[in-house]
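Colleague: structure for this input, please:
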Amino acid sequence: MLTLPTSVRIYLARGATDMRKAIDGLAALTTSILDKDPMSGHLFVFCNRRRDRIKILYWEQSGFWLLHKRLEKGTFAWPVTDDSDAKRIEMSATDLAALLGGLDVQRASRRRWYSRPT
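Modeller: Residues are numbered from 1 along each chain as shown. Below is the predicted model:
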């Protein structure tokens, strides 16, 4: 389980990404497609076309972390937005943990819950 401070934002790249890309290629995608700075300290999440692999790019003070998860069976429930022009989707750390754990974030219903505005 990832424990992230509330200041860290999580951005999912909409659509499929070539999983042959390593840190430099994903950092370039973060800049060109997501319009974000890869060294901002936020998490950038990418998924392949078959939705059985995810890569997460994260900048720490001294360098990049690249986390890669490959499913042996099944697929990730990669979220889609109604806005077809959106290049990225922002989500919470709770939603990311649910996505990595195999839950469909879009089909799940969220109960009424207090959340302090950030």
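Colleague: I figured Lys69 was touching Ile54, is that so?
Modeller: Yes - at 4.9 Å, Lys69 counts as touching Ile54 under the criterion of Cβ atoms under 8 Å. Backbone N, C-alpha and C define where each C-beta goes, glycine included.
Colleague: more neighbours: these two, which one.
Modeller: Legend: neighbour count by other Cβ atoms under 10 Å for Lys69 and Ile54, higher for Ile54 (22 against 12).
Colleague: my guess is the more buried one contacts Leu43. True?
Modeller: No - with contact defined as Cβ under 8 Å, Ile54 does not reach Leu43; the gap is 11.1 Å.
Colleague: overlap in contacts of Lys69 and Ile54?
Modeller: Counting by Cβ atoms under 8 Å, 6 or more residues apart in numbering, the contacts common to Lys69 and Ile54 are Leu100.
Colleague: just want the most central residue of the protein.
Modeller: Val45 (2.8 Å; Cα atoms, centre = their mean).
Colleague: name every strand pairing with the one helix or strand it maps to and say which way it goes.
Modeller: Per DSSP states H and E, Val45 falls inside strand 43-47. Strand pairing for strand 43-47, using DSSP bridges, gives strand 10-13 (parallel), strand 53-60 (antiparallel).
Colleague: now it: how far from the chain's centre is it?
Modeller: Strand 43-47 has its C-alpha centroid displaced from the chain centroid by 3 Å (Cα atoms, centre = their mean, to the nearest Å).
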